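Undergrad: no FASTA, just this:
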């Protein structure tokens, strides 16, 4: 079962800022274990800082430098992918580098350049007909919130300058005990390290953390097409920023105050409706203990995860999903005159993706995501935020080794918190060559 919260796959290849971009099919021959590609794009971003315009004006006045909301720019992105299939084992490696140069310097940048890195590794091994394992890791360095997340929920909606790090590793073991009873045991680790550690408190103090998750699922073969799930998961989130995060009046309230331990129980179904249509569903509850909080806070909340994928045509598919869980947040406002602080958010997130082959060499994709966050505790304990993102992309494959892309992305945050609401429009045009 994939964790934090759905899948790293949506962001693992480093498509930050190009969320609607279809994965290039400019792959090499099946017999060739490697492929290389390079993409060149020009773009316009009307809110490069992904903040309310008032913040841009305030930063310009404070630093005496004319920051801009919008900017043109270009990016260059080479990539290499390698896969070695053996009789019982498959090993895959990938690396994507992206260099972006903006017309105007974003807030917090020392220059007009951003660089991102994405490393991915996967290992699948079949011991025998009863036992299989999967190990994967995704390591990124970047600035955009969609690039730095490890699932379909956002902890922050803003672009954060610097060499911010996110690593997500996952290992699962699947086995069959009897023809009708199997199991899956898994461990996942998420690591976040933000470069901005000053002024205090900073993004590092708010968001640096280590997330550990262990799960054990029993898998019951109810019918040839249906697997029933009864599962348990234990999570531990340790904040590592080591900063005092809500002011000098409360010296004991530090990054670590938001540490938590969680226990999940859930039931679910994995269903194969047809060879082209599959679905997965989990529903249950979560008990969370914020054991470093001086108010000894605990929360009981629902847990839901579902996904559905339909491969309805040649290189055409629809994928939808929904998750309800607790998530980290960059908001830590304290209640006035108290030591209460915002510990996390109860979050619902829905997503949908459509990739469609419009013509023999023309492909289109649409993506949409929605996230509703209700904050837990402190100054923002009664506030909510809604985040919407939409993308559209067209790709024309000139030949097996060359394609062009045209795309548009829109983001919007509607917040009950003053100064947080913003929207963002991005358009891009580019070409990709591969071998």
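TA: Here it is on my side, so go on. Since the structure is predicted, the reported quantities are computational estimates derived from the model, not experimental observations.
Undergrad: for the rest of this, base every contact and every neighbour count on C-alpha atoms.
TA: Fine.
Undergrad: so where's the stretch 251-400 of the chain uncertain?
TA: Where the stretch 251-400 of the chain drops to pLDDT under 70, the residues are 335-339.
Undergrad: again, but for the stretch 1-150 of the chain
TA: Looking at the stretch 1-150 of the chain by pLDDT under 70, you get 1-31.
Undergrad: where along it do the strands fall?
TA: 34-45, 71-85, 89-102, 113-126, 131-142 (DSSP state E, counting those that start in this stretch).
Undergrad: given the first one, what are its sheet partners and their directions?
TA: To tie it back to what came earlier, the one meant is strand 34-45. strand 71-85 (antiparallel), strand 422-434 (antiparallel) (DSSP bridges).
Undergrad: now the strands of the stretch 1-150 of the chain in a markdown table, with mean neighbour count and distance to residue 148?
TA: A markdown table is the format used below for the strands of the stretch 1-150 of the chain (neighbours: other CA atoms under 10 Å; distance: least, CA to CA, whole Å):
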| stretch | mean neighbour count | distance to residue 148 |
| --- | --- | --- |
| strand 34-45 | 19 | 19 |
| strand 71-85 | 17 | 17 |
| strand 89-102 | 18 | 14 |
| strand 113-126 | 19 | 10 |
| strand 131-142 | 20 | 7 |
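Undergrad: looking at those strands, which is nearest to residue 400?
TA: Evaluated over the strands of the stretch 1-150 of the chain, closeness to residue 400 peaks at strand 34-45, with 12.0 Å, by CA to CA.
Undergrad: just give me how far the closest one sits from the chain centre.
TA: 21 Å (CA atoms, centre = their mean, to the nearest Å).
Undergrad: and the direction of it versus that of strand 89-102, what angle?
TA: 30 degrees (axes from the mean of the first three to the mean of the last three CA atoms, to 10 degrees).
Undergrad: got a list of contacts for strand 34-45?
TA: With CA atoms under 8 Å, 6 or more residues apart in numbering as the test, strand 34-45 has contacts from 27-28, 70-83, 424-435.
Undergrad: turn the strands paired with strand 34-45 into a markdown table, including distance to residue 149.
TA: Shown next, in a markdown table, are the strands paired with strand 34-45 (distance: least, CA to CA, whole Å):
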| stretch | distance to residue 149 |
| --- | --- |
| strand 71-85 | 20 |
| strand 422-434 | 19 |
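Undergrad: all helices of the stretch 251-400 of the chain, in order?
TA: Applying DSSP state H, counting those that start in this stretch to the stretch 251-400 of the chain gives no helices.
Undergrad: now the stretch 101-250 of the chain
TA: According to DSSP H, counting those that start in this stretch, the helices that the stretch 101-250 of the chain contains are 145-148, 203-207.
Undergrad: a markdown table for these, including mean neighbour count?
TA: Output for the helices of the stretch 101-250 of the chain, formatted as a markdown table (neighbours: other CA atoms under 10 Å):
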| stretch | mean neighbour count |
| --- | --- |
| helix 145-148 | 24 |
| helix 203-207 | 24 |
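Undergrad: out of the ones you listed, nearest to residue 174?
TA: helix 145-148 (28.6 Å).
Undergrad: distance between that closest one and the chain's centre?
TA: Here helix 145-148 shows a centroid-to-chain-centroid distance of 6 Å under the convention CA atoms, centre = their mean.
Undergrad: over to stretch 252-269?
TA: Distance, centroid of stretch 252-269 to centroid of chain: 19 Å (CA atoms, centre = their mean).
Undergrad: got the end-to-end distance for it?
TA: 45 Å (CA to CA, to the nearest Å).
Undergrad: ok, now which ones touch the closest residue to residue 306 other than its chain neighbours?
TA: The shortest distance from residue 306 to any non-neighbouring residue, by CA to CA, 6 or more residues apart in numbering, is to residue 281 (4.3 Å). Counting by CA under 8 Å, 6+ apart, residue 281 makes contact with 268-270, 304-307.
Undergrad: same thing but 10 Å
TA: Contacts of residue 281 were listed using CA atoms under 10 Å, 6 or more residues apart in numbering, and they are 228-229, 266-271, 304-308, 321-323.
Undergrad: pairing partners for it in the sheet, please.
TA: Note on residue 281: beta-bridge partners residue 269, residue 306, judged by DSSP bridges.
Undergrad: how near is it to residue 219?
TA: If you go by CA to CA, the gap between residue 281 and residue 219 works out to 13 Å.
Undergrad: between these two, what contacts are shared?
TA: With CA under 10 Å, 6+ apart, residue 281 and residue 219 have common neighbours 228-229, 268-270.
Undergrad: need those in TSV with distance to residue 356, can you?
TA: Shown next, in TSV, are those (distance: CA to CA, whole Å):
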residue	distance to residue 356
228	32
229	32
268	30
269	28
270	25
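Undergrad: of these, which is the most crowded?
TA: residue 229 (23 neighbours; other CA atoms under 10 Å).
Undergrad: wait, it touches residue 284, no?
TA: No. Residue 229 is beyond contact range of residue 284, at 11.3 Å (criterion: CA atoms under 10 Å).
Undergrad: right, I'll leave it there.
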